[in-house]
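Participant: sequence first, then the predicted structure, then my questions.
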Amino acid sequence: MSGCLMPKGTVWPWWRRCLVVLGKEMRDHLRDRRSLWLALAYPLLGPLVVGMLLAVSADSLRSESGARPLTVAARGVDNAPELAEYLARHRVTLAAPLPDAEAARRGQRDPVVLEIPPEAARGERFTARILFDANNAVSAGMAGRLAELINGYSHELSLRLLTARGLDVGLLQPVTVERVHTGRRLNVALLFYNLIPPLVVFMIFLGAVYLALDTTVGERERGTLEPLLTAPVRRWELLLGKAGAALLFTVATVVINLGAFRLVLGLLAANVPGIEAPPPTAAFLLIFAMALPVMALAVTLQLAVAALARSMKEAQIYLGLLPLVPALPGVAAAMAPVAPQAWTAGVPVFGQMVMFGRLIAGSGVEPGPALLSAATTLLAAAAIFWWATRLYEQERNLLPD
């Protein structure tokens, strides 16, 4: 084993010895083609799941944006012919009255049912009821669009009545509010896009798990690590070579993951009306660049935990749970985005996820916080690498029990 690393009687610089270890680990793992293809296919799962959710919700997204006509089952249409005409002008058709609208909606015959009471026919003030299922994305999207249109009709009718009576229409609303949306155009698809940062971080901490397991616990259990330790290579050089191989696999995993997100979401946005276009390719390239320090941190942490574990099963449990630690806060931040502050930029991994979210939302990232986040993450990676080196110097952590 030692001869395959360095020929006897040669003195190489430290970086060349690290490259030899890196090459040895790469060759070992590239030989297992089945595991290699599975590891490279795994990053596609996140983009495919998000893409499937968007495709399933396409009807809701089109309804929400008014991109397609709606046919809504209704009861009491004859009570408000003007409302029916108003909705027809906005591409909403009211179907024939149903004998029991609520029972029909409960039976899933119609995703949305509109009920217009008899008071509407007498010219009295009335309340239109929209029956829908809030747990159904299609039903909720149709109900939201229908409610917005009915509110618009109500406002138009009130202005017409005030004008007919010679009253100032400003009396109806003495104070007006102008809402200016400064972000990207509101679209339910953006909620799915917010899941990209935690999924990317999850993949970073999962990309080289198999390699980290095999190069430490796996070699220890097979008895191949002990001859490797007798080679004329210092422990930190050995660890750096292994970390380099794991980093290359992590980089490949993240490239596949981000590329799949851009490709799948781009194809959906181009072919399914109502889906907001995903972030541009430049945003994904920035995410990749800012994720490099996180990859270094993930690799050193994986090697340290794998060296500390006493068995393959124990290491698999630890490294299987490790990706959840940084990803779960990212999922919470996706539901309620965190405003970028000085303290968030200084927190390793979390600071990067906050900036990932800003890039996905179409906002820019200032160089100062990005550099601070990269510096703190690299410092954390260096500290963990030093800890892992100390673990490699302790024979009891590397030799079989």
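Facilitator: Yep, it's here.

Participant: who touches stretch 120-127?
Facilitator: 76, 78-80, 83, 116-117, 119, 128 (Cβ atoms under 8 Å, 6 or more residues apart in numbering). (Each C-beta comes from the backbone N, C-alpha and C, glycine too.)

Participant: and stretch 267-287, what's buried?
Facilitator: 268-269, 272, 274-276, 278-279, 283-284, 286-287 (16 or more other Cβ atoms under 10 Å).

Participant: what is the distance between that stretch and the centre of its chain?
Facilitator: 13 Å (Cα atoms, centre = their mean, to the nearest Å).

Participant: worst-scoring helix or strand of the chain, pLDDT-wise?
Facilitator: helix 2-5 (a mean of 47; mean pLDDT, DSSP states H and E).

Participant: now the element after that one, going C-ward?
Facilitator: As assigned by DSSP states H and E, the chain's next helix or strand after helix 2-5 is helix 14-31.

Participant: what is that next one packed up against?
Facilitator: Judged by 3 or more Cβ pairs under 8 Å, 6 or more residues apart in numbering; DSSP states H and E, helix 14-31 is in contact with helix 2-5, helix 33-41, helix 209-213, helix 235-271.

Participant: rerun at 6 Å
Facilitator: helix 235-271 (3 or more Cβ pairs under 6 Å, 6 or more residues apart in numbering; DSSP states H and E).

Participant: quick one: the helices in the stretch 1-150 of the chain?
Facilitator: 2-5, 14-31, 33-41, 45-56, 58-65, 81-89, 101-106, 137-164 (DSSP state H, counting those that start in this stretch).

Participant: buried sites along the last one?
Facilitator: Under the neighbour-count criterion of 16+ other Cβ under 10 Å, helix 137-164 has 137-146, 149-150, 153 buried.

Participant: any idea how this structure splits into domains?
Facilitator: 2-56+188-398, 66-172 (automatic domain parsing).

Participant: pick the most buried one from the ones you listed.
Facilitator: Scoring those by mean neighbour count under mean count of other Cβ atoms under 10 Å gives domain 2-56+188-398 as the most buried, with a mean of 18.

Participant: rewinding a little: now the buried residues of helix 137-164 as JSON lines including distance to Thr376?
Facilitator: Formatted as JSON lines, those follow (distance: Cβ to Cβ, whole Å):
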{"residue": "Ala137", "distance to Thr376": "39"}
{"residue": "Val138", "distance to Thr376": "44"}
{"residue": "Ser139", "distance to Thr376": "46"}
{"residue": "Ala140", "distance to Thr376": "41"}
{"residue": "Gly141", "distance to Thr376": "42"}
{"residue": "Met142", "distance to Thr376": "47"}
{"residue": "Ala143", "distance to Thr376": "46"}
{"residue": "Gly144", "distance to Thr376": "42"}
{"residue": "Arg145", "distance to Thr376": "45"}
{"residue": "Leu146", "distance to Thr376": "49"}
{"residue": "Leu149", "distance to Thr376": "50"}
{"residue": "Ile150", "distance to Thr376": "52"}
{"residue": "Tyr153", "distance to Thr376": "55"}
